[in-house]
Each structure stands twice: as C-alpha cells, then as structure tokens.
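S.K.: Kindly generate the corresponding structure for this input.
(chains A and B)
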Protein chains: 2
Amino acid sequence: MAEASGGGGLVDTVGAFVPGPRVERRGAVAGPLTGLSFAVKDLYDVAGTPTTYGNPDWARTHPVAAATAPAVQALLQAGAFLRGKTKTVELAYGLTGENVWHGTPVNPAVPDRFPGGSSCGSAAAVSARLVDFAMGSDTGGSVRIPASYCGVFGVRPSWGSVSLAGACGLGPSFDTAGWFAARAGVLAQVGEVLLPEDNPPGAVLGPLLKVEAAWINALPSTVLALAGPLQVLEGLLGRALGVDLAPEGLGLLYESFRCAQAEEAWATLGSWVSATAPSFGPGVRERFDAARTMSAEQAAAGRAFRRVFQARMKALLAGGAVLVYPTSPAPAPKLTSSQADQNAVRELTMGVTAISGLAGLCEVSIPAGRDGGAPVGLSLVAAPGRDRALLALAVRLAETLGLPC
Amino acid sequence: MAEASGGGGLVDTVGAFVPGPRVERRGAVAGPLTGLSFAVKDLYDVAGTPTTYGNPDWARTHPVAAATAPAVQALLQAGAFLRGKTKTVELAYGLTGENVWHGTPVNPAVPDRFPGGSSCGSAAAVSARLVDFAMGSDTGGSVRIPASYCGVFGVRPSWGSVSLAGACGLGPSFDTAGWFAARAGVLAQVGEVLLPEDNPPGAVLGPLLKVEAAWINALPSTVLALAGPLQVLEGLLGRALGVDLAPEGLGLLYESFRCAQAEEAWATLGSWVSATAPSFGPGVRERFDAARTMSAEQAAAGRAFRRVFQARMKALLAGGAVLVYPTSPAPAPKLTSSQADQNAVRELTMGVTAISGLAGLCEVSIPAGRDGGAPVGLSLVAAPGRDRALLALAVRLAETLGLPC
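M.R.: You can find the predicted model right below:
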C-alpha cells in the first residue's frame, strides 16, 4: 500500500482502506477543517479514480470517476486532507462489515468481532485514529451500526440534508450521507460544513423520549452498559418519558423497512445485477435474490406502513422531542459467529435502525458504553432538519460523560 | 407504432411517445386511479423494457430495466393503466423539448412552437388528451415549463417527497418526480397516491406573495394574460403582497442554480459521458461541456448561495405563504427561433424556475392564460411538505376560473 504523500507515512494497521494505491487529495490551505484528515467510503466518487462499491465486478463495469462527489468536494474546499478511500460492504448491502474481496477491516476496539457495516472501513479508520473523520453512508444502519461496534461517534443526518450526487445508491429514498469521528467536536464541525444553514444549532431539543421497545429489544448487558449514560443525558434534558412508537412491534418496522428498501434496491441496482451476474460474497447475493423475488404486495405493504410511520414520527417529534435508545441491541458479533446467528442479529438490529430509516430522521450514535469489553452506542434521534441541534447536544453529552471532544 | 392493446387503438397524433413498440401495463382492477390512463417519461424504468433517457447511446450502453420504478409501480397498484413511455430531452438536460433522435413532440396547443422540456412527451401526451395524466421529472423546470407551454396542469412536488428509485438522475439534490394532467382534479388525485401522508390537504395556506421580480421579468403580454387569474386567486387568498425574494436579482438565482446543478450533473453523468463519448443533439453537448469545465470556485459559490437562499425561503414560507408568478416569462418559443434566442429565453426562464429548484419548494402550474394564442401558466408555490394543500388550492382556483376539473 502506498504511503501518504502529505501525511507522513500513514500505515493502514487495520485494513481500513481499499487495497491499491492510496487516493490522496490536499484540501484548501485555510478553511474550517484545515488540519483535519479524512477518508471516504468507496462509494463516493473521487475524480480520476475508480469507485469499486466494494465489488470487483462493479469496478470492472464502471468507468473511472470523472468528477468528485460534491459532498467530498465541499470537505476539501473546507480544508480537510483526504487520505483515501475506505472499504465498504459490497453495494452497501450488509451490516457486519464483511468484504471477502477486499478483506474485512479489523475492528480496532475489539479485534475478534466484526467492525459493522456497510461503512466498515470508515469506522475502522476513525477508530484506529488513522484519520480525524470519515464519510460513510447510511441506508438502514450503515453508519450507526459500525459507529456502535467500533466505539466512535457517528451521525446519520436527516434524509436529503447532504447531497449524494456522485455517490452510488442503494435505496434513494432511504440513502443518506453520514460520517464518523473519534471526537464529538469534530463530528459537529463536519456538520457545519455539510449541513444546510437552516438547521440552527441553537434550536431547543426536548423532551427526552425513551423508546421502550428498543430497550427491551437490547441485551440486558447492553442496557446496563448504557444505563449510566442515559441518566447523564436525563440530567441535561430532564427525565425521559417512555414511548411506544410502534404498537405493531419492532418486527413490523423491520419487515416494512426490509421490503420497501429492497424494492428500491432492486429498482436501483437490479438492472446491473441482472445484466452483469456479478460474483457476490455471502449474504449479499441472498439479499439481492430476496429483493428480486419479493412480491409486489410485500413492497406495497412496506411502502404503505412507511407512510403511516412517517406521519406518526412527524407528529411526535415536531416540537423538538429526542428519542433515545441503544444504537445496536448488542455489541458487534464475533467473527466466528454463524451466518444464522448473524441473520438473527441483523433482524433484531434493523427493527431499531428502521426507526430513522423509515422516517428520514437524524440520529447520532455516542460511544457511551462497554458491554463485556466491546463498545455499544447510545443513539439520540430527532426530527428531520434538527441535525445541528442534535450534534450540539451530542457534544454536550460527550463533555459531560468525559468522552473525547 | 404499435396500437394500444387495452385502450382501444390509441394513435399518437403528436409524436409524444418514444418510437418503437408501445410499452403497456394494466393497473389494478380496483383502486383510486382505476379508469385513468397515464404515460411515463422515458427516464423511469419499466421492467423488461429499455430506458432510453432520450439518447441512443444511453439506451445502447445500459441494460434493459429489471424492475419498475416504485413510483410507477404505485400508480399501477392504484389502478391506473400505463399506455407507454414518453419522449424526454436527452438526459433531461434542456428546456425546449427538442429531441433530434426521437423527434420533437408537437405542442398540441400551438403546433408552431416548442412543447417545452425536458418532459416534452408527457406534456404533449396530456395536452393532446392521449392520456389522463403523465409522469415527468423536474430538476430546473422540466415539468413546469412544458406545462406552461402546452397549456396543462403540472406539479413539481417538494424535493424528496416522491421516490426517484429506478429513475435516471440529473442532479440528485435538485431532481423531483412530477406529473401533468388536463384536469386539476386528476392532478390532485395522483398526488393522493404518490405524496406522503404527512402532507395534509387541509393545511391553511396564505398569505399570497407576489414575487415582483418574476412579474417584471415576464413579457408584458404574458403579465396581461395572467392579470385576471391573479385577481381571481386574490379573491381566494386575499390581496397579494409584493415581495423581493432576491435583492441580488434573478440573474444570481439563475447563475447559482446553473453552477450548483451542473456540478451535480457532471458528478452524476460525467463518468458515463467521458467513457462513452455519446452523440448529443444541439445544446446538450454544450451544457455538459460547461458542466465539465466549470471551476471548483463557481460550483462552491453556487452551493453557498443556495444555502443562503434555502434559509431565506424557509423563513418566508414557514407559516403557509404562497408565492405567485408566471411559470414561464413568455409563451413557448417558436420552432424557428435561433439557438441564441433560445439561450436568452432559457436564462430568463431559469431565473424564475430556480426559485423552487434551489429551495426544494412545491410548485403547481395552472394553465390560466393565453398570450397571443399560446398558453402561459400561473405558478403557485409553497414550502416543502405543503403539496397536498397546494394541489387542493389549485383545484379551487381551477374551479373558480372555469378550467377543467
């Protein structure tokens, strides 16, 4: 692997970067992010380089990028130094972070466990302190889950708030840009560059709403690990009120998300999959097969429930309420776990990540706890458009918890 | 051209449909749109058929669609009968509606003038009453302008409100689905199927704000044609107040839109354009060349002004205010007009269409007037998320004006 030309010989200790020559770009000399280094998930275009989307057949059948994605361009213009492109799950369609073609990045916090995905390389690079921040993307948890697993801060911004031009899509009405940082302040700084100006940092947030089903859904040990941080958060926002977002159960959230998103995934990528017949690693092929064979009725039911849930969340969160729950119901699965166990974890996890996914909410994961030595994140979630206020709250909470700011 | 198999021998009298065998799909037997026929712009995928995006090289280098775009699927599931795919300007990058490969559709209202684009075939098909409604898409005016030129109702919904999965992109943070109808009630009916449920039709709209610069920008004869309809609208919403949205001038709106959108167009399509070197008709190549060679500073300036303008519109429209202005500053240009004249019209037009384009607003164009025998539209514009209320207002206005409902 090539050394960083401007950054002093970066060594990729955890296999976070896509194999091959390092892609580097200097940022502007003076800007709000000057002095910070970053990496981008290899589904964002950087002019003159291939975008692999984690899959060799994708790389082979797509031209080298002619342009740099505007969001990446904005970070460079703000002064950040791009150190390279990080690994992604193939076509961003998976949550463990496994990539059989490029190698699964090591989870720097717990090397015997998965890093989480699909933005696995970005989370690993930040967790290993190879960069100050890293861009990922989040359709159904692809920033939040690796943030929780690798013990770093991560944000999935409100749907539509950051342009995804020049980025590969998975489910356009679900896809969001997102990013990771080891320090809460850096997470917020990046937001100041990328988020719309109509997201005032001073907007009032509260009350705090504890999503009961998501806490019940989590391992008792994970709940215990996050009980202290939740109390600290209550010290900032007042005592949490219990809420039931989905009397239908988290299972229906998962199912609705899975179907509505799979319909979009097949609409977006199915033509390429059908025409190319690409080689896929375990799990990815199965998910595309499921998307291809899903019935029109299942997709319509997913879309219909999504609309109901969006309206429900809009009413609940309009005044500034913040949801709180464990980002993932458990720490990262072990690398040795079976495919069946991974699928079970996936289903439990996506019942919770579907909340923001279905309703386009903004969510910040705080590396607030350790469960048996492995990191677990605490999620703060707010209505679309309150990203800056939510990031400011994350900084306050991190300060109070003594986390890196 | 193939005859419609289920619709009784539709003859494409105005060249609205893409040449080749007609693509037809039956809708559900019973649904809110049963009994209505529609067409879709040939940038939406319909499973098993090619998506040309208006350009033979695009069709040649892309696989046949494996899936139907979810928005089109939702219309079929609501009972509408799909009659076929309509012509688009190549890669949706133009406003006159010209397509040298497929033939420019005739403007049924004024056959010696352009139909407007890029959703030219959809507007022409509705104007000629070949279908009850038609899907287009609108990045910088591609529904609103052909609606105005062809004398039909058209809506550009709030950015992000209708999924564009399975639809070709031009500038993802600007692109919207949109549709045309000859009757206001049908325009609203389609919205009930496609728009989120959190867009209540009963939301209060007002006050009415007259965007002075957009009226000054229009031909005096166009202003005169719309003066009566504006008075009728004032009867519904109260006397219009004059506002100045952009003390910087509409020229800056145009320039900011052009640069920010061109950056996204190149990020989205530049890799394909560079790798394929496609043949383009007049104007399209020039626009991609401009996008390719645009400086990073121009793009950043466009993005920066966009953020300022978004914040300004958010504050202005938050309470329910409705902007009103001529959709296009003049009727459709004549087919014999020079490229230079077309460019001048384009610039004047996009200074106005950029208002909704930059800020993601919803806009309905009402076929309210005739200027020298050619149609001109009156636009009603509201904050993102107020689409259903705006469509309800359009129906009320159409009823009061005696337009088809």
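S.K.: Are the strand or helix carrying residue A:253 and chain B in contact anywhere?
M.R.: Per DSSP states H and E: residue A:253 is located in helix A:250-276. Yes: legend: contact between helix A:250-276 and chain B by Cβ under 8 Å from any Cβ of the partner chain is shown at A:263-264, A:266-268, A:270-275. All C-beta atoms are positioned from the backbone trio N, CA, C, and that covers glycine.
S.K.: quick one: low-confidence ranges for the stretch 51-200 of chain A?
M.R.: Within the stretch 51-200 of chain A, the stretches with pLDDT under 70 are A:198-200.
S.K.: So which bits of it are right by chain B?
M.R.: A:62-70, A:73-74, A:77, A:159-160, A:163-166, A:169, A:171-173, A:196-198.
S.K.: one more time with 7 Å, if that's ok
M.R.: A:63, A:65-67, A:69-70, A:73-74, A:77, A:159-160, A:163-166, A:171-173, A:196-198 (Cβ under 7 Å from any Cβ of the partner chain).
S.K.: Can you name the next helix or strand after the helix holding residue A:253?
M.R.: Assignment by DSSP H and E places the next element after helix A:250-276 at helix A:284-293.
S.K.: so the helix or strand following that following helix versus helix A:284-293, what angle?
M.R.: Counting by DSSP H and E, the element after helix A:284-293 in chain order, helix or strand, is helix A:296-317. Taking axes from the mean of the first three to the mean of the last three Cα atoms, to 10 degrees, one finds that helix A:296-317 is oriented at 100 degrees with respect to helix A:284-293.
S.K.: What helices and strands are in contact with helix A:296-317?
M.R.: Where contact means 3 or more Cβ pairs under 7 Å, 6 or more residues apart in numbering or on different chains; DSSP states H and E, helix A:296-317 is packed against helix A:250-276, helix A:339-359, helix B:70-77.
S.K.: which residues in chain A form strands?
M.R.: A:37-41, A:81-86, A:133-138, A:153-156, A:176-181, A:208-211, A:241-243, A:322-326, A:362-371, A:374-382 (DSSP state E).
S.K.: okay, these, which one's buried deepest?
M.R.: strand A:153-156 (a mean of 32; mean count of other Cβ atoms under 10 Å in any protein chain shown).
S.K.: Sheet partners, orientation included, of that one?
M.R.: If you go by DSSP bridges, strand A:153-156 pairs up with strand A:176-181 (antiparallel), strand A:362-371 (antiparallel).
S.K.: Tell me who's in contact with the closest residue in space to residue A:174 that isn't next to it in sequence.
M.R.: Among residues not flanking residue A:174 along the chain, residue A:139 sits closest, at 4.7 Å (Cβ to Cβ, 6 or more residues apart in numbering or on different chains). Residues near residue A:139 by Cβ atoms under 7 Å, 6 or more residues apart in numbering or on different chains: A:92, A:170-171, A:174-175, A:261, A:357.
S.K.: Go through those residues and say which is closest to residue A:328.
M.R.: Using Cβ to Cβ, residue A:357 comes nearest to residue A:328 of these, at 13.9 Å.
S.K.: Could you double-check that the closest one sits in contact with residue A:176?
M.R.: No: at 8.9 Å, residue A:357 does not count as touching residue A:176 under the criterion of Cβ atoms under 7 Å.
S.K.: Need the nearest residue in space to the most centrally placed residue in chain A, chain neighbours excluded.
M.R.: Using Cα atoms, centre = their mean, the residue of chain A that lies closest to the mean C-alpha position is residue A:143, 1.1 Å off. Closest residue in space to residue A:143, ignoring its immediate chain neighbours: residue A:178 at 3.4 Å, by Cβ to Cβ, 6+ apart.
S.K.: try residue A:404
M.R.: residue A:183 (4.4 Å).
S.K.: again with residue A:132
M.R.: residue A:36 (4.2 Å).
S.K.: sorry, back to before: using PyMOL, make a named selection holding only the buried ones among the residues of the stretch 51-200 of chain A next to chain B.
M.R.: Of these, the buried ones go into a single PyMOL selection, burial set by 16 or more other Cβ atoms under 10 Å in any protein chain shown:
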select buried, chain A and resi 65+66+67+69+70+73+74+77+159+160+163+164+165+166+171+172+173+196+197+198
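S.K.: Please report how far the residue nearest to residue A:132 lies from residue A:42.
M.R.: Distance of residue A:36 to residue A:42, computed by Cβ to Cβ, to the nearest Å: 20 Å.
S.K.: Distance-wise, check the nearest residue to residue A:188 once chain neighbours are set aside relative to chain B.
M.R.: Spatial nearest neighbour of residue A:188, chain neighbours left out: residue A:391 (4.1 Å); criterion: Cβ to Cβ, 6+ apart. Look at residue A:391 and chain B: by Cβ to the nearest Cβ, to the nearest Å, they are 17 Å apart.
S.K.: List the residues that contact residue A:298.
M.R.: Taking Cβ under 7 Å, 6+ apart, one finds residue A:259 in contact with residue A:298.
S.K.: Let's see that with 10 Å instead.
M.R.: A:255-256, A:258-260, A:262-263, A:290 (Cβ atoms under 10 Å, 6 or more residues apart in numbering or on different chains).
S.K.: What's the separation between it and residue B:45?
M.R.: Taking Cβ to Cβ, one finds residue A:298 at 19 Å from residue B:45.
S.K.: And for residue A:360?
M.R.: 23 Å.
S.K.: Also residue A:11?
M.R.: 45 Å.
S.K.: So between the two, which is more surrounded?
M.R.: Counted by other Cβ atoms under 10 Å in any protein chain shown, residue A:11 and residue B:45 do not tie: residue B:45 has more neighbours, with 29 against 9.
S.K.: Next, the contact list for the residue in the stretch 101-250 of chain A positioned nearest to chain B, please.
M.R.: Nearest residue of the stretch 101-250 of chain A to chain B, counting by Cβ to the nearest Cβ: residue A:166, 3.3 Å away. If a contact means Cβ under 10 Å, 6+ apart, then residue A:166 has A:43-47, A:51, A:65-73, B:172, B:263-264, B:266-268, B:270-271 as its contacts.
S.K.: Over to residue A:57?
M.R.: With Cβ under 10 Å, 6+ apart, residue A:57 has these contacts: A:90, A:101, A:272-273, A:276-280.
S.K.: before we move on, the earlier item: who's the residue nearest to residue A:143 bridged to?
M.R.: residue A:136.
S.K.: how far away is residue A:258 from residue A:349?
M.R.: The value you get for residue A:258 to residue A:349, if Cβ to Cβ is used, is 12 Å.
S.K.: got any residues that touch both of these two?
M.R.: Joint contacts of residue A:258 and residue A:349 (Cβ under 10 Å, 6+ apart) are residue A:140.
S.K.: More neighbours: which of those two?
M.R.: Using other Cβ under 10 Å, the more surrounded residue of residue A:258 and residue A:349 is residue A:349, with 26 against 22.
S.K.: Hmm, that one is touching residue A:117, no?
M.R.: No: counting by Cβ atoms under 10 Å, residue A:349 stays clear of residue A:117, with 11.3 Å between them.
S.K.: Now the common contact residues for these two.
M.R.: In contact with both residue A:349 and residue A:117: A:95, A:141, A:145, using Cβ under 10 Å, 6+ apart.
S.K.: Next one: the residue nearest to residue A:143 from residue A:305, what distance?
M.R.: 24 Å.
S.K.: Could you do residue A:136 as well?
M.R.: 27 Å.
S.K.: swap in residue A:389?
M.R.: 28 Å.
S.K.: For residue A:83, list the residues it contacts.
M.R.: Contacts of residue A:83 by Cβ under 10 Å, 6+ apart are A:4, A:6-7, A:10, A:12, A:16-17, A:22-25, A:37-40, A:125, A:130-132, A:134.
S.K.: could you flag which of those are buried?
M.R.: Looks like the contacts of residue A:83 have A:4, A:7, A:10, A:12, A:16-17, A:22-25, A:37-40, A:125, A:130-132, A:134 buried, using 16+ other Cβ under 10 Å.
S.K.: Residue A:274 reaches residue A:291, doesn't it?
M.R.: No: if you go by Cβ under 10 Å, residue A:274 and residue A:291 don't touch, sitting 11.3 Å apart.
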